[in-house]
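Enquirer: below are the sequence and a predicted model for it; my questions follow.
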Amino acid sequence: MAKVRHSRFDCAPGCSVEAAIGLIDGKWKSIIMWHLLSGTLRFNEIRRHASNCTPRMLARQLREMEEDGLIIRKVYAEVPPRVEYSLSDLGRTMEPILRALKDWGDANIGLSGKPKGHDPREADPLRNI
């Protein structure tokens, strides 16, 4: 069953945030867009970058992003068919947001995947005494 997308935006406070997140929701869309910042990629190249994403999920995410106008899908009339994906002009406008997310992640995520400075042992300096 397909998810209901962009069903309503009543323009209450936060409406524009809801609309933006609605376009890039899902675990893989931001990652796909991040890798497309470097240029055009084919399906299997994207799949290598998002190695834990199943081919079915990747195809679904790419399809949704194409429908939303974030990416451009170009099919070449060859045998076998060659399909390339690139960011659209609208998708390119997400670049500062994606870079900000990367910078935030670099600054706040340690090797263990937990935010820096949030070690419970650091929260209580008397704990180890």
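Expert: Alright, I've got the coordinates.
Enquirer: can we go C-alpha only for contacts and neighbour counts from here?
Expert: Will do.
Enquirer: next SSE downstream of the helix or strand containing residue 64?
Expert: According to DSSP states H and E, residue 64 maps onto helix 55-67. Proceeding N to C from helix 55-67, the next assigned helix or strand is strand 71-76, under DSSP H and E.
Enquirer: any idea of the mean pLDDT for that following strand?
Expert: What strand 71-76 shows for mean pLDDT is 96.
Enquirer: direction included, what does it pair against?
Expert: strand 82-87 (antiparallel) (DSSP bridges).
Enquirer: wait, is residue 103 part of a helix?
Expert: Yes - checked against DSSP: H, G, I helix; E, B strand; the rest coil, residue 103 lies within a helix.
Enquirer: and it, how far is that from residue 82?
Expert: Plainly put, residue 103 is 34 Å away from residue 82 if you go by Cα to Cα, to the nearest Å.
Enquirer: over to residue 109?
Expert: 37 Å.
Enquirer: list the contacts of the residue positioned nearest the centre of the chain.
Expert: In the chain, the centroid-proximal residue (Cα atoms, centre = their mean) is residue 30; its distance is 1.0 Å. By Cα atoms under 8 Å, 6 or more residues apart in numbering, residue 30 lies in contact with 24, 98.
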